[in-house]
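Visitor: whatever this is, show me its structure:
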Amino acid sequence: MLQPLADDLQPAGEPIQALSRDVTISGIGWISTVPVSDQYLSIDLFPDTHESRCVIVRVAHQLQSGPLYLGGGAVVVDWQ
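Guide: Numbers count the residues shown, from 1 in each chain. Predicted coordinates:
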């Protein structure tokens with residue numbers, strides 16, 4: 001789940017369903033059917049478990065491939 005964030009890192013808008021990919025300590029990629037228009041996202045890495053782990057990501061790139069959007073960004077804050 002991608003939660004768009006305003007510049008003050010507060011939630012802004014509706015969450016976006018996404019599939020994460022290429023997860024590393026410094027960054028993460030995702031695939032969604034909706035484009036991301038915000039500069040920052042909160043990403044819950046384990047949304048379906050009791051072990052929630054959110055990271056704040058600065059969006060670095062996004063590209064449309066047919067009906068999908070492939071995005072990626074750098075982890076800027078790691079919250080537990």
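
Visitor: give the contact list for S37.
Guide: With contacts defined as CB atoms under 8 Å, 6 or more residues apart in numbering, S37 is in contact with P4. Heads up, the C-betas are built off the backbone N, CA and C, glycines and all.

Visitor: please read the previous query as pertaining to A74.
Guide: A74 neighbours (CB under 8 Å, 6+ apart): 26-27, 57-58, 60.

Visitor: roughly how far does it sit from T33?
Guide: Distance, A74 to T33, using CB to CB, to the nearest Å: 23 Å.

Visitor: closest one of the contacts of A74 to S42?
Guide: Within the contacts of A74, proximity to S42 (CB to CB) peaks at V57, which comes in at 7.8 Å.

Visitor: and the host helix or strand of that closest one, what other elements does it pack with?
Guide: In the assignment (DSSP states H and E), V57 maps to strand 54-65. Applying 3 or more CB pairs under 8 Å, 6 or more residues apart in numbering; DSSP states H and E, one finds that strand 54-65 contacts strand 27-32, strand 40-44, strand 68-79.

Visitor: quick one, which of the ones you listed gets closest to A6.
Guide: strand 40-44 (7.7 Å).

Visitor: centre of the chain to that closest one, how far?
Guide: Computed by CA atoms, centre = their mean, to the nearest Å, the separation of strand 40-44 from the middle of its chain amounts to 4 Å.

Visitor: quick one: work out the angle between it and strand 68-79.
Guide: Between the axes of strand 40-44 and strand 68-79, defined by axes from the mean of the first three to the mean of the last three CA atoms, to 10 degrees, the angle is 80 degrees.

Visitor: give me the mean pLDDT for strand 40-44.
Guide: In this model, strand 40-44 carries a mean pLDDT of 93.

Visitor: residues touching it, excluding its own?
Guide: Residues contacting strand 40-44 (CB under 8 Å, 6+ apart): 1-7, 9, 11, 20, 28, 30, 52-59, 73, 76.
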